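[1] Next comes the sequence, and after it the predicted model I'd like to discuss.
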Amino acid sequence: MTNPMRTTQPLIRPIYSQTNPNEPIDFGEVAIAFESGDETEHITAAARLRFTPRDKLEFICPVAEKPPFWAFRVGMRSDSGLELTLVDRHVKFDADLVGADKDGLVIGPRKSGVEVTRPTRFISAVTFHLFNFPDFNGPESYILLSGNPPHQGVRRLGRSVLKANGWVVTIAATDRTKDLVQAIKQQGGHCITHIGRIVRDDGSTFSSSQLDGLLSCLSYFLSFALGRWSCVALPVGVDALGKRIHEEWGLRIIADGPWPAGSSWFDAHHAELLSQVFPGFFSLWSNDTWQRPLTNALYWYFGATDRGASISVDTTTVHTQAALETLAWTHCVQDRQMVSPRAFGRGGLAAADKIRLLLSSLGIPRDIPNELCALSARVGQEWSDGPEAITQIRNSLVHPNKQSTVSDDAYYDCWRLSLWYIDLVILRLCRHDGKYANRLKTGWVGAVESVPWASG
């Protein structure tokens, strides 16, 4: 192991920061113009990102003695709504008048995560902000020094460097990450916990469009690592002279509810897993055959892991089976062409056989693991394997009858098994053959094991 990097300042300087969870982020005053039909109104507004009761980018417009023409449209939304222009930035987007507070009328863009600069091809480096990410460590962590010798303070802070296709993405903790993570766990909400930096390994420039694609990939990858939506937000890009030429305000997507306590394949004490899996994920994401199915499967996957906020553990089976069948169709039919499309159509393979084909072709065990006692000890006829248990339990939920009685423990174990399969399938498709955290085993943070298909 190499000696860790040492520095007297946090590795990446944030553009925005918060002292406590849910603290609003102010972007300052901006000159805006609103257009609706033939009418236009110019005004100076304060731009801010708030987090309660829900995250939202807002423009707060003070109300003069004579309210503007659009002030009478609070709460109204139509296809012919307001068009907001950031005058000095020459950027337009659709917006709605969403309400009012003590400071004035509140206008919100319809899209979350708005580019507030014109497209460019000359970005040299980008700083982004990562919300609600766990405090992690690994071999790439760095040492933050404080004070003077011989009473110099030493703190080890998390760092992970992700590389793929010429991109270099560094994610680093700050001197406040540990405290902020603890505050989120205790009181909930949203807070910037880590800072990221993006460059090209050869120092070349890149475009706004290329950055947007990378940020989308990175958001899905880090969400997959946590088993919940993770928010990569507020990117600020500079040119070779350090001038800001690209900015995005607002949040693309972020998990709601309390700090999740669930598990995933990523272990916070083995941050090297991020750098090991990311190249394969980026390759899969960049494949035209895979990008849309991968995002769809992960959408169902995150819906299943979010059971505490939206759905019960039994109905997550519908989500996870949809994810598994999406992955099976794409891998077995479209990508590898192992069977014809007819085999996955009406009158073709049963749902359990589709999942079996997917697992078998990727070297993933189909037997029900011993940890899942409610599935291993079924009363009466035993399930032959995991795919049969998942599909029959799903069918008992979607097509109930008097004979289809499933215990609460079986629903819970089915949920865990399905998520484990999705973890393994995507890791295998990413060509990862190292360690991972097995969500089926109740151990401790830091416990990892080899993936089932690893040699040796």
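    Received, thanks.

[2] so what secondary structure elements neighbour the helix or strand hosting Asp423?
    In this assignment (DSSP states H and E), Asp423 forms part of helix 408-429. In terms of contacts (3 or more CB pairs under 8 Å, 6 or more residues apart in numbering; DSSP states H and E), helix 408-429 is packed against helix 272-286, helix 291-305, helix 316-328, helix 351-361, helix 373-376, helix 386-398. Every residue, glycine included, has its C-beta placed from N, CA and C.

[3] how does it look with 7 Å?
    helix 291-305, helix 316-328, helix 373-376, helix 386-398 (3 or more CB pairs under 7 Å, 6 or more residues apart in numbering; DSSP states H and E).

[4] got the buried residues for that helix?
    By 16 or more other CB atoms under 10 Å, the buried positions in helix 408-429 come out as 410-429.

[5] Tabulate the helices and strands packed on helix 408-429 (CSV), appending mean neighbour count, distance to Cys217 and mean pLDDT.
    Converted to CSV, the helices and strands packed on helix 408-429 look like this (neighbours: other CB atoms under 10 Å; distance: least, CB to CB, whole Å; pLDDT from 0 to 100):
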stretch, mean neighbour count, distance to Cys217, mean pLDDT
helix 291-305, 20, 9, 93
helix 316-328, 23, 18, 92
helix 373-376, 17, 35, 82
helix 386-398, 21, 29, 87
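
[6] Now the ones you listed in TSV, please, with extra columns for distance to Gly227.
    TSV is the format used below for the helices and strands packed on helix 408-429 (distance: least, CB to CB, whole Å):
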stretch	distance to Gly227
helix 291-305	5
helix 316-328	12
helix 373-376	21
helix 386-398	18
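
[7] Lys354 is nearest to which of those helices?
    helix 316-328 (4.5 Å; CB to CB).

[8] Kindly calculate the angle that the closest one makes with helix 408-429.
    Per axes from the mean of the first three to the mean of the last three CA atoms, to 10 degrees, the angle that helix 316-328 makes with helix 408-429 is 20 degrees.

[9] picking that back up, how far is the next helix-or-strand element following the helix holding Asp423 from where the chain is centred?
    For helix 408-429, the following helix or strand on the C-terminal side (DSSP H and E) is strand 435-436. The chain centroid and the centroid of strand 435-436 are separated by 20 Å under CA atoms, centre = their mean, to the nearest Å.

[10] who does strand 435-436 touch, helix- and strand-wise?
    Contacting strand 435-436 under the criterion 3+ CB pairs under 7 Å, 6+ apart is no other helix or strand.

[11] do that again at 8 Å, thanks
    Counting contacts by 3+ CB pairs under 8 Å, 6+ apart, strand 435-436 is packed against strand 449-450.

[12] distance between the strand it packs on and the chain's centre?
    24 Å.

[13] Neighbouring strands - and their directions - for it?
    Paired with strand 449-450 in the same sheet, following DSSP bridges, are strand 435-436 (antiparallel).

[14] Quick one: mean pLDDT for the partner strand?
    Strand 435-436 shows a mean pLDDT of 96.

[15] can you list the domain ranges for this protein.
    6-17+117-263, 25-112, 287-450 (automatic domain parsing).

[16] And stretch 45-58, what's buried?
    45-51, 55-58.
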